[in-house]
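Engineer: Need a 3D model of the following:
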Amino acid sequence: VEAKWYARWLAEGYFRADPASAKPAYSIVMPPPNVTGVLTLGHVLNNTIQDILARRARMLGMEVLWLPGMDHAGIATQTVVERQLRKEEKKTRHDLGREEFVRRIWQWKEKHGGIIIEQLKRLGCSCDWSRERFTMDEDYSRAVQRTFVDLYRKGLIYRGKRMVNWDPVALTALSDEEVIPTPQKSALYYVRYELVDEPGKFIEVATTRPETIMADVALAVHPNDQRYVSSLGKKVWRPLDRAQLPVIGDDGIDPAFGTGVLKVTPAHDKVDFEIGQRHGLPVLDVLHPNGTINCPAVSELDGLDRFVARRKAAEMLSESGLLAKEEPHESTVGFSERAGVPIEPRLSEQWFLKYPQVERARAGVGPQGAIHFRPERWENAYQHWLENIQDWCISRQLWWGHRIPVWYWSDREWSDATTELVVGNPEMIPGRNVRELRAAAWEYAQENGILGQSFRNLHTGFDIMVQKSSLEHAFSNFGAAHIKLVPSLPVLLRHAIRVSAVPHLPYSPDVRCVHIFFAALQLGPRFYRVKMTVKELRSGKKLYDHQALEIKGNEPDGKKSPEAHLLAEKLASRPTSGSRLLNFADLMADVNREGLTQLVQLDSPGEGWTQDPDVLDTWFSSWLWPFETMDDATQARFYPTTDLVTAPDIIFFWVARMIMAGLEYTGQAPFHDVFFTGLIRDGQGRKMSKSLGNSPDPLDLIGKYGADGVRFGLMRIAPSGQDIRFDEKQIEEGRNFANKLWNACRFRQMQGGETEGEINPALLTSDDKWILLRLDAAIRAVTQALEEYNFSEAAQTLYRFFWSEFCDWYLEASKASLATDRQANTLAVIDFVLGHTLRLFHPFLPFITEELWHGLGFNRDLPDDQGA
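Structural biologist: Residues are numbered from 1 along each chain as shown. This is a model prediction of the structure:
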């Protein structure tokens, strides 16, 4: 029955949406399952609800678009194919190289990627399969990269070195939403740090991570904690490798935790990193990207897994008398959602997005907004997240996904090696005025052998050279076009091999600049110069947004070059207020493409340019799903969509981001109503998982109870937005109910007579009138429940009406009438009730209702005066 009717529905094109139709539009987009996915009970729940909404809308005379598709699932898919590669060929992706590995993933996708789509068809999903999309489709991928370029040019995307969540298994950064806070039992180690000037006196520190002691750069206490006031400013010995650490005061320290002392490890903790930034502390990283220890100075730990090293470090501390005690401790640890291992806070250079349309997204959800959440309680969670929103880390160190459309000038492959930017040789250069300073700088460069040397910049591929012309013009603004708010230092000098800085002396109000002479980037006749203030140089970081990047020309008359004039003209038309940065590459694109070190655009600029190796976070493509899946005609007809059905665990991953993307690129919210399903749990309330063995295979259930039985059984136990305690007996009851429906219709068939005869009101018995009144009440109750997205209440109402009131009571009572001259009228009432009941049941039980509808001869509409 199921295969027969589904094939017919597809052949007749019943699920296809026509943008040219005059009917009212109804649309819903399927949350794209992972291409690696197979059907789970969560998919069954979500897609059954979507199918109920879509089928009901068609029955109400609407033109329905239910748009399906799949997500490329970056980490998940890459992991699956890598695992297969290791198992079958004993190779890694690096053995194949990027291009071949990506080709293998496409091969895998073509062979295995459509499994879940076929399973959804078996469930009865009435999607318009002619519109099926994949997030790596060529046109969709183009749209994703076009979005990156657009947001970059709007100043919302930037590259920065920040503390990120690092997955040591997948070897990639993760967003906060991809980290699952998980309660963990561990130990709290009380480590003794000896005071340098007071041998035998110690400060105890409680820590859960003794394996990172070698990365400690300070001990921190609350400045008002009287226990440690006398220790402020003193130094202690770092255990294991005997390095001196300062004791500092910081208001962020909780005196009540542990001993009230924090070991500050900026490279391996977000809070510690912030403390380090406030106090100008160095950053020492003692972990390899894969989570093993990187500390040759302590050979006993070097190369060990981080958790093995934890126990080993504790043993070493105990043996040296520096472990005061160890006690059980419970804490919440962030786990990688995909790899299932604890993440590592890691300082890493990544691409970040400042979310667009945040305020409109906040205002758009709620009683006064265009979007309504059901249940409403999720609106509070949504609003809270937006109030505390953080920039989105959108880059991932993967090979499968949408490659970031940023291009760097390079004559070789990208190198993963990083080189520190060192501002060195800050020797005092004497000079009472600009002329003397210029001469002294020339002398300094000549004496130190700097002049004429070139240094290959690893980030840009260009040579950074110190030459006479750069020194001659170092203190002159003659013929310069100043560009404010340009992040020139990162663009020009990131990954520089060595940078010398020549500060002014004496420091005076009228001389406030330090010129970094190595920033003479040779681009034909021009060079670029970076300015930093003395204060900035001494602190080692940019403090203000006033940094300037200058374009110099070598015209004989000393006038501005044509490029400088054009650049100044373009600058005048760009906004410079606020904190938004103007991007040098954008300004220069029309001036001199060959003169750029970095380009952000869809296609390669040509030979010699290397694309950024990272890919975009999977969710960066998914947030465009409601509108980029549609062509212009479809979008004009069906966007914004009507409903979205999804799980609450991706409210931040997906729902909030789709709202912001929709507002940014269409000016409208992408949907009107969002229904959040509950999570399916086992009878003990535990989350379904393969490891617990409590997650039944939906296909086995469909094979055992039929698709209709699974759908209806699940809907009856799915209270609106609440978690579901799964019990297979409920699925069995769904199958039993389908049998009850079948048997009732078979009983009607056995009576013979005219189908859907006309009811004579004068012949209605009290039983007839009662069942018609109960039918009317059921129709009203089911309609209201569905309009309120209360699917379980609708299913329960139908169950009670049909089983208890119609079958157990009315059919039994009507048997006496069937043997009298009232038979025809009684059959007409039965047909009337069955006809409306089958309609009500169809969105829940599509296969059996279709079979029974045609089997009973209900292949025409009822007369208007008898319609519901």
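Engineer: C-alpha only now, for contacts and for neighbours.
Structural biologist: Noted.
Engineer: Can you get me the centre-to-centre distance for stretch 243-262 and its chain?
Structural biologist: The chain centre lies 35 Å from the centre of stretch 243-262; the measure is Cα atoms, centre = their mean, to the nearest Å.
Engineer: Can you tell me the number of residues neighbouring Ile650?
Structural biologist: Other residues near Ile650 number 13, with proximity taken as other Cα atoms under 10 Å.
Engineer: which SS state does it fall under?
Structural biologist: Under DSSP: H, G, I helix; E, B strand; the rest coil, Ile650 falls in the helix class.
Engineer: Report the buried residues of stretch 325-336.
Structural biologist: Within stretch 325-336, the residues that qualify as buried are 326, 333-336, counting by 16 or more other Cα atoms under 10 Å.
Engineer: try stretch 11-19
Structural biologist: Of the residues in stretch 11-19, 15-19 count as buried by neighbour count, 16+ other Cα under 10 Å.
Engineer: In the protein, what helix or strand scores lowest on average pLDDT?
Structural biologist: Among the secondary structure pieces of the chain, namely its helices and strands, strand 481-483 has the lowest mean (mean pLDDT, DSSP states H and E), a mean of 25.
Engineer: hang on, the earlier thing: biggest separation within the buried residues of stretch 11-19, which pair?
Structural biologist: Across the buried residues of stretch 11-19, no pair lies farther apart than Phe15 and Pro19, at 12.9 Å, counting by Cα to Cα.
Engineer: List the contacts of Val655.
Structural biologist: The neighbourhood of Val655, defined by Cα atoms under 8 Å, 6 or more residues apart in numbering, consists of Trp623.
Engineer: I'd like to know which elements whichever helix in the chain runs longest is packed against.
Structural biologist: Longest helix in the chain by number of residues (criterion: DSSP state H): helix 728-751. When contacts are defined as 3 or more Cα pairs under 8 Å, 6 or more residues apart in numbering; DSSP states H and E, helix 728-751 sits against helix 698-716, helix 823-841, helix 846-855.
Engineer: Where does the residue nearest to the spatial centre of the chain sit, in terms of helix or strand?
Structural biologist: Taking Cα atoms, centre = their mean, the centroid of the chain lies closest to Trp619, which sits 4.1 Å from it. Under the assignment given by DSSP states H and E, the secondary-structure element containing Trp619 is helix 618-622.
Engineer: Check which helices and strands that helix sits against.
Structural biologist: Right, helix 618-622 is packed against helix 138-153 by 3+ Cα pairs under 8 Å, 6+ apart.
Engineer: Low-confidence regions, the stretch 451-600 of the chain specifically.
Structural biologist: Residues of the stretch 451-600 of the chain that meet the criterion pLDDT under 70 lie in 451-598.
Engineer: Quickly find the element holding Tyr382.
Structural biologist: In the assignment (DSSP H and E), Tyr382 maps to helix 378-387.
Engineer: Output that helix as PDB, restricted to C-alpha atoms.
Structural biologist: As requested, the backbone C-alpha atoms of helix 378-387 are provided in PDB (Å, rounded to 0.1, in the frame of the first residue of the first chain):
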ATOM      1  CA  TRP A 378      12.000  29.700  23.700                       C
ATOM      2  CA  GLU A 379      11.600  33.400  23.000                       C
ATOM      3  CA  ASN A 380      13.400  34.200  26.300                       C
ATOM      4  CA  ALA A 381      16.300  31.900  25.500                       C
ATOM      5  CA  TYR A 382      16.600  33.500  22.000                       C
ATOM      6  CA  GLN A 383      16.500  37.100  23.500                       C
ATOM      7  CA  HIS A 384      19.100  36.200  26.200                       C
ATOM      8  CA  TRP A 385      21.500  34.900  23.500                       C
ATOM      9  CA  LEU A 386      21.200  38.000  21.400                       C
ATOM     10  CA  GLU A 387      21.700  40.200  24.400                       C
END
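Engineer: hang on, the earlier thing: quick one: residues in contact with the helix holding Trp619.
Structural biologist: By Cα under 8 Å, 6+ apart, the list of residues contacting helix 618-622 from outside reads 71-74, 135, 141, 144, 394, 401, 653-654, 658.
Engineer: any chance of these in CSV, with distance to Gly703, pLDDT and secondary structure too?
Structural biologist: Formatted as CSV, the entries for the contacts of helix 618-622 read as follows, by distance: Cα to Cα, whole Å; pLDDT from 0 to 100; DSSP: H, G, I helix; E, B strand; the rest coil:
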residue, distance to Gly703, pLDDT, secondary structure
Asp71, 27, 95, strand
His72, 29, 94, coil
Ala73, 29, 90, coil
Gly74, 32, 89, helix
Thr135, 31, 97, coil
Ser141, 38, 97, helix
Val144, 40, 97, helix
Ile394, 42, 95, coil
Gly401, 36, 96, coil
Phe653, 34, 89, helix
Trp654, 33, 94, helix
Met658, 36, 97, helix
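Engineer: re earlier: quick one: average pLDDT of the helix holding Tyr382?
Structural biologist: Per-residue confidence for helix 378-387 averages out to 93 on the pLDDT scale.
Engineer: Let me know the pLDDT of Gln751.
Structural biologist: Model confidence at Gln751, given as pLDDT, is 87.
Engineer: neighbours around it, how many?
Structural biologist: 11.
Engineer: and the closest residue to Ala785 other than its chain neighbours, how many neighbours?
Structural biologist: Take Ala785 and drop its neighbours on the chain: the residue closest to it by Cα to Cα, 6 or more residues apart in numbering is Ala794, 5.4 Å away. Applying other Cα under 10 Å, we find 25 other residues in the vicinity of Ala794.
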